[in-house]
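Undergrad: Here is the input, now give the coordinates:
(one chain, ligands or ions: 3)
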Amino acid sequence: MKITKDLYQGSLALLTDFYQLTMAYAYWKSGKAEQEAVFNLFFRKHPFQGGFTVAAGLDYVIDYCKNFKFNKEDIDYLAAMKGKDGQPVFAKGFLDYLSEMRFSCDIDAVEEGTVVFPNTPLVRVKGPLIQCQLLETPLLNIINFQSLIATKAARINLAALGEPVLEFGLRRAQGIDGGLAASRAAYIGGCSSTSNVMAGKLFGIPVSGTHAHSWIMSFETELEAFEAYAEAFPDQSVFLVDTYDTVNGIKNAIKVGKALRSKGKEMLGIRIDSGDLAYFSNVAREMLDEAGFPDAKIVASNDLDEHIISSLKGQEASINVWGVGTKLVTAFDQPALGGVYKLSAIRIEDGTFVPKVKISQQSMKINIPGIHNVKRYYSKGKAVADMIYLEDQEINPKAALIIDPNDPTRRKRLMPYFYQEETLLKEIFRRGELQYAPPSIEAIRERVQVQLGAFDKAHKRLVNPHIYPVGLEENLHNLRMNLVLQAKQTEDEDQPEK
Ligand SMILES: Nc1ncnc2c1ncn2[C@@H]1O[C@H](COP(=O)(O)OP(=O)(O)OP(=O)(O)O)[C@@H](O)[C@H]1O
Ligand SMILES: O=P(O)(O)OC[C@H]1O[C@H](OP(=O)(O)OP(=O)(O)O)[C@H](O)[C@@H]1O
Ligand SMILES: O=C(O)c1cccnc1
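TA: Ligands and ions are numbered 1, 2, ... in the order given. Below you'll find the predicted structure:
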């Protein structure tokens, strides 16, 4: 396996679960492949016991869909697959069909950087059943991970109260794309830069860094190491002070800082990577200030996350810049966002779409039927509620009632003072043609900050956040209830009499 050359051979069409392909074959065989369907990608619970999620990954989804095509190598691989009977799994006619298949779906999605909530669609796919089905796994793979990391990054940045957070995670990230996608999502979520140079090149993210203990250890003394570093980077020196003795390290940094100053240069600061970060940062601040370096920054790193940063803030640590790696890029305390992708409507012979529900013992798992969109209502610039509604339904916000999808006794009437509204699902593809100009990564990152600013801080706190209201518009709620009751009735009728 050569990872540096042709890893994907120009195609990611097989980056899917095998059952998507066996279903695709069965759809084709039963004449249903081209029947139109609607699927929604959504999640049921915020990660990290938080009160919000940041949607990310749409740019990857767009690229995936634009290039969705089974190439010759893919088809050859599938053609060689044999079942238990020794016969090919997939008939030649199906493989010919796959090799000619071109992406032709409609996709609507929330823009990257949008703050989103449980049960609301992040991506809606409408198109031939076979294509919708094949897209399930890659879309979930992309959106689940990048949204998870963008959310973790947003939490860490909120804890840092606007101070820069440098992402240092590549060495601990989940493999190669895990590392690249995590650096992208971390930047979207609010980090200031990445240490991941390839992510810098591919996504246009600022790259930054300090130096490691190995640099210090390669010299006879720490002082010599600092001097040599200052020589190489007179304008960009951040000295790692904790290799041997932190207080002595700070003294050496000050010595080299003074030498730099005598040449008209300024050290940027120091980094502390072990020990009690509150204590050592305060000692360092005092020493730096006394020595005439009040502007020298104190960078801290070492297994940081939003909770430790928040605790250090509470302890009045003198840290100005936060280096965060492992716990950010691996989403350490919750390694997956549980996004799902469910069929919600299918077109029948008379040309109409029939809404579909899957009933479940757990009411939380009953999906939302129909073709829907989401409106976010604002009052005086603050988001007050999200409403999921049937897209062909006229909504009068002054009269609209939203009902909690998990608890129908929880209802909220949207009052006339909710002036502004925003429709969250935007047109991305129509019949396979891209309709959307993807924003720059800077614009996406900026959007996260604007979006977060529109939510009350009660929804953003790290512990026991207040639940933001998201509900089904009354007609959609009634449709769902009726379909569930019908399905239950059919189920009861099908049961043998006791
Ligand atoms: N004042 C503090 N309050 C809360 N957490 C802190 C404080 N200072 C450091 N920490 C955190 O405590 C943990 C310390 O971990 P650990 O004991 O492994 O580090 P260490 O022994 O200081 O350094 P090393 O990485 O060399 O083992 C880290 O997650 C660090 O971020
Ligand atoms: O702690 P993280 O949030 O992942 O941040 C990145 C860490 O990576 C580096 O050290 P590394 O972990 O390689 O070694 P060390 O901790 O033994 O210095 C760096 O010094 C940070 O401590
Ligand atoms: O630049 C740094 O200081 C850095 C980079 C990666 C991991 N830890 C630290």
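Undergrad: Do I have it right that Arg447 meets Gly453?
TA: No. Using CB atoms under 8 Å as the test, Arg447 is too far from Gly453 to be in contact (10.5 Å). C-beta: built from backbone N, CA, C; applies to glycine.
Undergrad: Quick one: name the residues of the chain near ligand 1.
TA: Applying CB under 6 Å from any ligand atom, we find that the chain lies next to ligand 1 at Ser274, Gly275, Asp276, Leu277, Ala278, Asn302, Asp303, Leu304, Ile308, Ser311, Leu312, Gln315.
Undergrad: how about the helices of the stretch 51-200 of the chain, start to end?
TA: 58-66, 72-79, 92-100, 129-159, 175-188, 197-203 (DSSP state H, counting those that start in this stretch).
Undergrad: is the fourth one anywhere near ligand 2?
TA: No. Judged by CB under 6 Å from any ligand atom, helix 129-159 and ligand 2 are separated, with a smallest distance of 10.1 Å.
Undergrad: now that helix and helix 92-100, what's the angle there?
TA: Calculated by axes from the mean of the first three to the mean of the last three CA atoms, to 10 degrees, helix 129-159 forms an angle of 50 degrees with helix 92-100.
Undergrad: Which single residue of the protein ends up nearest ligand 2?
TA: Closest residue of the chain to ligand 2, CB to the nearest ligand atom: Gly325 (2.7 Å).
Undergrad: which residue does this protein bring closest to ligand 3?
TA: Closest residue of the chain to ligand 3, CB to the nearest ligand atom: Gly209 (2.7 Å).
Undergrad: tally of neighbours for that residue?
TA: If you count neighbours by other CB atoms under 10 Å, Gly209 ends up with 16.
Undergrad: Show me where the stretch 251-400 of the chain has its helices.
TA: Applying DSSP H, counting those that start in this stretch to the stretch 251-400 of the chain gives helices spanning 277-290, 306-314, 326-329.
Undergrad: Check those for me and report the most buried one.
TA: Compared across the helices of the stretch 251-400 of the chain, helix 326-329 shows the largest average neighbour count, a mean of 23 (mean count of other CB atoms under 10 Å).
Undergrad: Phe455 in helix, strand or coil?
TA: Following DSSP: H, G, I helix; E, B strand; the rest coil, we place Phe455 in the coil state.
Undergrad: Give me the phi and psi angles of it.
TA: According to degrees, to the nearest 10, the main-chain angles of Phe455 amount to phi -110, psi 140.
Undergrad: Thought Val116 was touching it, still the case?
TA: No. Under the criterion of CB under 8 Å, Phe455 makes no contact with Val116, lying 11.2 Å away.
Undergrad: Which of those two has more residues huddled nearby?
TA: When Phe455 and Val116 are compared for neighbours, Val116 comes out ahead with 24 against 18, by other CB under 10 Å.
Undergrad: residues in contact with the residue nearest to that one when sequence neighbours are not counted?
TA: Spatial nearest neighbour of Val116, chain neighbours left out: Ala55 (4.8 Å); criterion: CB to CB, 6 or more residues apart in numbering. Residues near Ala55 by CB atoms under 8 Å, 6 or more residues apart in numbering: Val110, Glu111, Glu112, Gly113, Thr114, Val115, Val116, Leu122, Ile143, Ser147, Ala150.
Undergrad: Cheers, nothing more for now.
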